[in-house]
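*Asks:* Make a model of this:
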Amino acid sequence: MREEKPKAPSQEKKKMKNGWFWPAIYTSVALLFIGMVWGYSALTTEDAAPSEVAKIDQPKENDTVETNAIKETLKYPFHEDQVDQVAILQEFYDPEADETVREKALLVFKQSYVTSTGLSLSMEGEPFEVVAAMSGTVDKVIVDSFKGTEIRLKHADGKTTVYGSLTGVLVKEGDQVQQGQVLATTTQNEWNPEAGVHLQFEIRQDGVAVNPHDYLAF
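*Replies:* I've put the predicted structure just below:
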């Protein structure tokens with residue numbers, strides 16, 4: 001019988017080397033691929049997180065103003081600690097009010113009577129700061145040298161507050177204002193010279209003038 005010759009050591013080593021080579025390559029490629037997937041996932045997660053936080057922590061200003069306004073009730077259009085100094089020069093014209101109140105709500109201009117759609121407020125004839133009676137948006141700023149500048153604020157509940165006979169206006173159309181924020185300072189005007197330095201304050205509900213006494217304890 002013919003005996004098999006033992007394989008040379010170099011051939012055995014070559015076979016072992018070839019047997020481990022490809023599995024090692026496959027394992028390395030698999031680990032590299034997994035590492036790339038993990039790295040991409042971590043990167044996209046980090047990029048997404050700040051935007052989600054920003055959406056929660058940074059609400060729009062106008063949303064904040066409207067949310068506040070829904071919870072608010074009307075306040076005085078001047079600093080509340082000055083309420084004892086305020087005098088009502090002209091009343092809101094209410095046809096159902098008594099004769100004295102109705103007479104006080106008539107304005108004389110060029111020998112004709114005009115009914116008042118708000119209240120004319122004075123503080124001993126001295127200028128005073130006018131503040132927003134409720135949070136809202138500056139709808140209009142009307143500059144009028146005859147009547148004095150007028151500011152109109154729109155509110156979330158359908159109300160509009162009007163502030164007339166002003167100077168030194170601190171806001172502009174489109175501004176979002178908070179309740180109590182200073183808007184301007186009172187002045188006198190030629191339309192109602194007898195009132196001197198005063199504020200013409202009006203409240204409108206869905207465009208219709210309403211009696212401020214129904215909302216504020218003057």
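*Asks:* Helices of the chain, start to end?
*Replies:* 9-57, 61-71, 99-104 (DSSP state H).
*Asks:* average pLDDT across the last one?
*Replies:* In this case it means helix 99-104. Mean pLDDT, computed over helix 99-104, is 86.
*Asks:* quick one: buried residues of it?
*Replies:* Lys104 (16 or more other Cβ atoms under 10 Å). Using the backbone N, CA and C atoms, a C-beta is placed for each residue, glycine as well.
*Asks:* if we can go back for a sec, check the helices of the chain for me: which has the lowest mean pLDDT.
*Replies:* Looking at those, the weakest mean confidence is helix 9-57, a mean of 54.
*Asks:* Let me know how buried Glu74 is, in neighbour terms.
*Replies:* For the record, residue 74 is Leu, not Glu. 17 (other Cβ atoms under 10 Å).
*Asks:* Leaving out the residues flanking it, which one is nearest to it?
*Replies:* Tyr215 (4.5 Å; Cβ to Cβ, 6 or more residues apart in numbering).
*Asks:* Going by neighbour count, list what's buried in the longest strand belonging to the chain.
*Replies:* If you go by DSSP state E, the chain has its longest strand at strand 159-167. For strand 159-167, burial by neighbour count (16+ other Cβ under 10 Å) applies to 159-166.
*Asks:* got it, and stretch 172-186?
*Replies:* Those would be 175-179, 183-186, for stretch 172-186 by 16+ other Cβ under 10 Å.
*Asks:* end-to-end on stretch 132-145?
*Replies:* 22 Å (Cα to Cα, to the nearest Å).
*Asks:* Mind checking the pLDDT average for that stretch?
*Replies:* Rounded mean pLDDT across stretch 132-145 is 96.
*Asks:* Touching it from outside, list them.
*Replies:* 62, 65-66, 68-69, 72-77, 149-156, 159-161, 169, 171-181, 183, 201, 203, 216 (Cβ atoms under 8 Å, 6 or more residues apart in numbering).
*Asks:* try 6 Å
*Replies:* Residues outside stretch 132-145 that contact it (Cβ atoms under 6 Å, 6 or more residues apart in numbering) are 65, 68-69, 72, 74-75, 77, 149-155, 161, 171, 173, 175-179, 181, 183.
*Asks:* circling back to that earlier point, mind putting the buried residues of strand 159-167 in TSV, distance to Lys140 and pLDDT included?
*Replies:* Output for the buried residues of strand 159-167, formatted as TSV (distance: Cβ to Cβ, whole Å; pLDDT from 0 to 100):
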residue	distance to Lys140	pLDDT
Lys159	15	96
Thr160	9	97
Thr161	12	98
Val162	9	98
Tyr163	11	98
Gly164	11	97
Ser165	15	97
Leu166	12	97
